[in-house]
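> predicted model and sequence follow; I will ask about them next.
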Amino acid sequence: MAYETIIVEVEDHVALITLNRPDAMNALNDQLLGELVSALEDAQSNDKVRCIVIAGSDKAFAAGADIKMMSEKSFVDVFGEDLFGPEAEGIMRIRKPIIAAVSGYALGGGCELAMMCDFIIASDTAKFGQPEINLGVMAGLGGSQRLTRFIGKSKAMDMNLTGRFMEADEAERSGLVSRVVPVKKLMEEAMSAAAKIAEKSAIATMAVKESVNRSYETTLREGLLFERRVFQSLFATEDQKEGMAAFMEKREAQFRDK
Ligand code: CO8
């Protein structure tokens, strides 16, 4: 499918989706989010794809939802169309691992999109923020929810109330991002992390994603039970036999997603 606001490349089992609205700092509008969800669904159903990377440009991962698009909307408009709700649900339905490769601005909906991914690798130039407060509104796609769970109440309040930007090193210290690398190395690092994930059993990587995400939705006791049952159920797969046999035979495992 031909897209206008994103670029999709599939190479070596990794789908790289690059947000591409350079004139608007990759601001998220209906078209971009629609195309992103469609590309993610394609990646989900493409057997060749085993991991997904979402990236922006060096300057901006995404500077937020498109303010020009939203500025004239009324409550009835945004509530009636459930602004960005279906797209957010669409992203959450993807079961394959998704890495956000963030350089430059990840603000508002951009920061929230990065947090919807499974983990964030940032360049040393990345700047995260929830500056919606400056527009007379507040975060609407996870900036008051996911961010609070990632970095804690105090920092999440600080960011949402003051609208300040958080630099990459603070984001790493705070647990928002998993790694920070020099900007020139960002895509190499993200693609190599994706390639590493792509080598694993896809059944096991989907199980990991489900289980870690479950930890946000449930009590510790229920989460531990869920984790244990999923762990046990993986013994029904050929990949478990292969993975353990390969370890004992001191060779690389050849997973077949069975
Ligand atoms: N929307 C639309 N256009 C944008 C956006 C945006 N979020 N961000 C940047 N642009 C555009 C600018 O308007 C400008 O376009 P033009 O040249 O036509 O005027 C172009 O990108 C370049 O931007 P700047 O000239 O401002 O570049 P600077 O380097 O001076 O500044 C910044 C870069 C700091 C990123 C600055 O552009 C900025 O502050 N942008 C807005 C950041 C922001 O407020 N983001 C939050 C938006 S609201 C949101 O995300 C809500 C999400 C939740 C929705 C939930 C629905 C349920």
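Here it is on my side, so go on.
> how about the nearest residue to residue 114, chain neighbours excluded?
residue 100 (4.0 Å; CB to CB, 6 or more residues apart in numbering). In short, each C-beta sits where N, CA and C put it, glycine included.
> hang on, that neighbour in a strand?
Yes. Assessed by DSSP: H, G, I helix; E, B strand; the rest coil, residue 100 belongs to a strand.
> dump the residue contacts of the closest residue to residue 37 other than its chain neighbours.
In space, residue 37 comes closest to residue 90 once its chain neighbours are excluded; the distance is 3.8 Å by CB to CB, 6+ apart. Contact analysis of residue 90 by CB atoms under 8 Å, 6 or more residues apart in numbering lists 37, 40-41.
> export those residues as CSV, with columns for pLDDT.
Below are the contacts of residue 90 laid out as CSV (pLDDT from 0 to 100):
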residue, pLDDT
37, 98
40, 98
41, 98
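> who wins for most neighbours among those?
residue 40 (24 neighbours; other CB atoms under 10 Å).
> and the next helix or strand past the helix or strand where it lies?
Assigned by DSSP states H and E, residue 40 belongs to helix 30-45. On the C-terminal side of helix 30-45, the nearest following helix or strand under DSSP H and E is strand 51-55.
> isn't there a strand covering residue 61?
Yes. Under three-state DSSP, residue 61 falls within a strand.
> tell me how far it lies from residue 186.
Using CB to CB, to the nearest Å, residue 61 is found at 10 Å from residue 186.
> is the helix holding residue 40 positioned near the ligand?
No. Judged by CB under 6 Å from any ligand atom, helix 30-45 stays clear of the ligand, getting no closer than 10.0 Å.
> buried stuff in that helix?
32-37, 39-40, 43 (16 or more other CB atoms under 10 Å).
> ok, stretch 169-178 next?
Result for stretch 169-178 [16+ other CB under 10 Å]: buried residues 171-172, 174, 176-177.
> now stretch 19-29
Neighbour-count burial for stretch 19-29 [16+ other CB under 10 Å]: 19-21, 24-29.
> got those residues as JSON lines, with pLDDT and secondary structure columns?
As requested, the buried residues of stretch 19-29 are exported to JSON lines (pLDDT from 0 to 100; DSSP: H, G, I helix; E, B strand; the rest coil):
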{"residue": "19", "pLDDT": "98", "secondary structure": "strand"}
{"residue": "20", "pLDDT": "98", "secondary structure": "coil"}
{"residue": "21", "pLDDT": "98", "secondary structure": "coil"}
{"residue": "24", "pLDDT": "98", "secondary structure": "helix"}
{"residue": "25", "pLDDT": "98", "secondary structure": "coil"}
{"residue": "26", "pLDDT": "98", "secondary structure": "coil"}
{"residue": "27", "pLDDT": "98", "secondary structure": "coil"}
{"residue": "28", "pLDDT": "98", "secondary structure": "strand"}
{"residue": "29", "pLDDT": "97", "secondary structure": "coil"}
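> also near the ligand: which of those residues, exactly?
Within those, those near the ligand by CB under 6 Å from any ligand atom are 24-25, 27.
> Serialize these to TSV and add fields for distance to residue 109.
As requested, those are exported to TSV (distance: CB to CB, whole Å):
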residue	distance to residue 109
24	12
25	11
27	8
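> distance of the residue lying closest to residue 179 once chain neighbours are set aside relative to residue 4?
Using CB to CB, 6+ apart and skipping the chain neighbours, the partner closest in space to residue 179 is residue 121 (5.0 Å). Distance, residue 121 to residue 4, using CB to CB: 26 Å.
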